[in-house]
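sharing a sequence plus its predicted fold:
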Amino acid sequence: MNYAEAKEKYAAIGVDTDRAIELLKGVSVSLHCWQGDDVRGFDTDPSKPLTGGIQTTGNYPGRARNPQELMQDLDFALSLLPGKKKMNLHACYAIFEDGKWEDRDKLRPEHFKKWVEFCKARGMGCDFNPTFFSHPKCDPLTLSSPCEETRNFWIEHGKACIRISQYLAEELGEECVMNIWTGDGFKDIPGDRLGPRARYRDSIDRILEEPYDFGKVKPCVESKVFGIGVEAYTAGSAEFSLLYAAKNADRCIPLMDNGHYHPTEVVSDKISALLAFFPEIALHVTRPIRWDSDHVVLFDDETREIASEIVRCGGLEGRVKIALDYFDASINRIAAWVVGYRNLQKALLFALLSPDAALKKAQDEGDFTRLMVLREEAKTLPFGEVWNEYCAACDVPGDGQWLEQVREYEEKELKKRG
Ligand code: RNT
Ligand code: ZN
């Protein structure tokens, strides 16, 4: 089987593979910088534990320890990724020149100048995230803290991040999705559930008072069901975040992370529900195993279903902002970036090769037998040929051709790191 033959097979079910490849080339997917260094960043002591209910496990050698190493690793990973890449940074990745450290409430655009240069040189836009975790000022709450000093500190951080996001959007000429997520919550049954949520709401209100151009900066609110050490209560629950976004639709959008729901809930089904109300939504694509474990994204059923829904709902034209969010420290971190990113790209390509018009027609005609048969048969069409053609069109290695490069880089570069 070669590409020409595969193309014919797809044409027989009414799918144009060339068109799918062209379309996917223009879809931007955000690459999360934090896979490269286990979500440590550069502004706090890396020997301190991660907080906020998230966790990286494993101690595979080669973690990036500074901006140079992280950028070098990113560069190498980017060379193996097809499609239109966008960077995704956290505030804790600020780069302080000449050792001039600033706390998170005082961060300024200049602390991201190096990242702007990095993105510009590679023709990438950049998304951004305030970092409301792994910091001494988490008491452990942040935006929902009853301590006004703590809460103000984090509100100032949020405002600083709005200014930085506006700077990134302007410098790079692409919209900047700025995601507000906190791990605020309690390990055990709270005595007051409303208080923290009322404060959280007020804090986001105050952050979003900072001026920004909503055409360029897209603040998001990300919900979560629970985290490690915050099993009983999360201030930013699904209802809280969704309602916040709905009530403030002129200034922010909702973000769904598919690790943040009860295990039998699926984000693939929520996408259309949200798009029936919101012009734009954002996604964190990850892989939960039993909980929000942030495993590397696979080419699995739910990832494919999420991709299908993005495609079918017209999400590729900008309505759905797609980002990855996982962190595995137990395998080669660059391979983790590459395989997860490529899997999401595969899922999107697979979705673009689905006979959607015929599926929709069968559904609307009530022909559920045809619907099932068409959908199942599309699964065994020669997808791998189209995927390799797409990789070639993007000038990156096809499957079976990149892992050896990662191994060489590991030998040459990663093994030198203590
Ligand atoms: C945590 C959230 C959040 C973080 C990143 C690092 O559960 O998913 O998005 O993973 O901001
Ligand atoms: Zn997330």
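Arrived safely. Numbering: from 1, shown residues only. Ligands and ions are numbered 1, 2, ... in the order given.

how about the residues of the stretch 201-350 of the chain by ligand 1?
Counting by C-beta under 6 Å from any ligand atom, the residues of the stretch 201-350 of the chain close to ligand 1 are 222, 224, 257, 284, 292, 325. (C-beta placed from N, C-alpha, C; glycine too.)

mind listing what the fifth one touches?
It refers to residue 292. 54, 224, 225, 226, 227, 257, 259, 260, 286 (C-beta atoms under 8 Å, 6 or more residues apart in numbering).

so it lies in a strand, does it not?
Yes. Under DSSP: H, G, I helix; E, B strand; the rest coil, residue 292 sits within a strand.

pLDDT wise, what is it at?
Looking at residue 292, its pLDDT is 94.

returning to that earlier point: can I get the residues of the stretch 201-350 of the chain next to ligand 1 in JSON lines including secondary structure?
Shown next, in JSON lines, are those (three-state DSSP):
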{"residue": "222", "secondary structure": "strand"}
{"residue": "224", "secondary structure": "coil"}
{"residue": "257", "secondary structure": "strand"}
{"residue": "284", "secondary structure": "strand"}
{"residue": "292", "secondary structure": "strand"}
{"residue": "325", "secondary structure": "coil"}
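
of these, which is the most crowded?
Tallying neighbours with other C-beta atoms under 10 Å puts residue 325 at the head of these, with 28 neighbours.

that one touches residue 31, doesn't it?
No. Counting by C-beta atoms under 8 Å, residue 325 stays clear of residue 31, with 10.5 Å between them.

any idea how far the host helix or strand of residue 7 is from the chain center?
Using DSSP states H and E, residue 7 sits in helix 3-12. Relative to the centre of its chain, helix 3-12 is centred 33 Å away, using C-alpha atoms, centre = their mean, to the nearest Å.

which parts of stretch 400-411 are buried?
402, 406, 409, 410 (16 or more other C-beta atoms under 10 Å).

do stretch 36-53 as well
Neighbour-count burial for stretch 36-53 flags 36-44, 50-53 (criterion: 16+ other C-beta under 10 Å).

between the buried residues of stretch 400-411, which sits nearest ligand 1?
The nearest member of the buried residues of stretch 400-411 to ligand 1, counting by C-beta to the nearest ligand atom, is residue 406 at 23.1 Å.

on that earlier part again, restrict the residues of the stretch 201-350 of the chain next to ligand 1 to those near ligand 2?
Residues of those in contact with ligand 2 (C-beta under 5 Å from the ion): 257, 284, 325.

pipe those into JSON lines and attach distance to residue 379 and pLDDT per row.
JSON lines is the format used below for these (distance: C-beta to C-beta, whole Å; pLDDT from 0 to 100):
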{"residue": "257", "distance to residue 379": "27", "pLDDT": "98"}
{"residue": "284", "distance to residue 379": "26", "pLDDT": "98"}
{"residue": "325", "distance to residue 379": "27", "pLDDT": "98"}
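
what does the model give residue 48 for pLDDT?
Note for residue 48: predicted pLDDT of 88.

start at 27, not 1
With 27 as the first residue, the last one maps to residue 74.

so it touches residue 161, yeah?
No. Contact between residue 74 and residue 161 fails when scored by C-beta under 8 Å: they sit 9.1 Å apart.

still on that earlier bit, and the contacts of residue 318, which two are the farthest apart?
252 and 312 (15.1 Å; C-beta to C-beta).

higher neighbour count, these two?
residue 312 (24 against 20).

that one: what's it in contact with?
Counting by C-beta under 8 Å, 6+ apart, residue 312 touches 283, 284, 285, 318, 320, 321, 323, 350, 351, 352.

residue 36 too?
Shown in contact with residue 36 (C-beta under 8 Å, 6+ apart): 42, 43, 379, 407, 412.

same deal with residue 117?
Shown in contact with residue 117 (C-beta under 8 Å, 6+ apart): 67, 69, 130, 133, 154, 155, 156, 157, 183, 186, 187, 190.

from these, which ones fall inside strands?
Residues from the contacts of residue 117 lying in strands, with DSSP state E as the criterion: 154, 155.

quick one, longest helix in the chain?
helix 174-198 (DSSP state H).

what is that helix packed up against?
For helix 174-198, the elements it packs on are helix 139-147, strand 152-155, strand 202-206, helix 220-233, strand 243-248, judged by 3 or more C-beta pairs under 8 Å, 6 or more residues apart in numbering; DSSP states H and E.

try 6 Å
strand 152-155, strand 202-206, helix 220-233, strand 243-248 (3 or more C-beta pairs under 6 Å, 6 or more residues apart in numbering; DSSP states H and E).

residues contacting the helix or strand just after the last one, please?
Read it as strand 243-248. From strand 243-248 onward toward the C-terminus, using DSSP H and E, the following helix or strand is strand 259-260. Contact partners of strand 259-260, identified using C-beta atoms under 6 Å, 6 or more residues apart in numbering, comprise 211, 212, 216, 250, 252.

partner strands of strand 259-260, with direction?
With DSSP bridges as the test, strand 259-260 is paired with strand 211-212 (antiparallel).

picking that back up, export the buried residues of stretch 62-79 to TSV and tack on distance to residue 397?
Formatted as TSV, those follow (distance: C-beta to C-beta, whole Å):
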residue	distance to residue 397
62	42
63	45
64	44
65	42
66	47
67	47
68	51
69	52
70	52
76	45
77	47
78	43
79	40
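
and which of those is nearest to residue 359?
When those are ranked by distance to residue 359 (C-beta to C-beta), residue 62 comes first, at 5.6 Å.

stretch 71-87 near ligand 1 anywhere?
Yes. Counting by C-beta under 6 Å from any ligand atom, ligand 1 is contacted by stretch 71-87 at residue 80.

return the distance of that stretch from the chain's centre.
For stretch 71-87, the distance to the chain centre is 19 Å (C-alpha atoms, centre = their mean).

okay, it in CSV with CA atoms only?
Output in CSV follows, covering the C-alpha atoms of stretch 71-87 (Å, rounded to 0.1, in the frame of the first residue of the first chain):
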residue,chain,number,x,y,z
ASP,A,71,13.7,26.1,44.4
PRO,A,72,13.4,23.0,42.3
SER,A,73,14.1,20.7,45.2
LYS,A,74,10.8,21.8,46.9
PRO,A,75,7.8,19.5,46.1
LEU,A,76,5.1,20.5,43.5
THR,A,77,2.0,21.7,45.2
GLY,A,78,-1.6,22.4,44.1
GLY,A,79,-2.6,18.7,44.0
ILE,A,80,-0.6,17.8,40.9
GLN,A,81,2.3,15.4,40.8
THR,A,82,5.0,14.2,38.4
THR,A,83,6.3,10.8,39.2
GLY,A,84,9.5,9.1,38.1
ASN,A,85,13.1,10.2,38.0
TYR,A,86,14.2,9.5,34.4
PRO,A,87,17.6,11.3,33.9
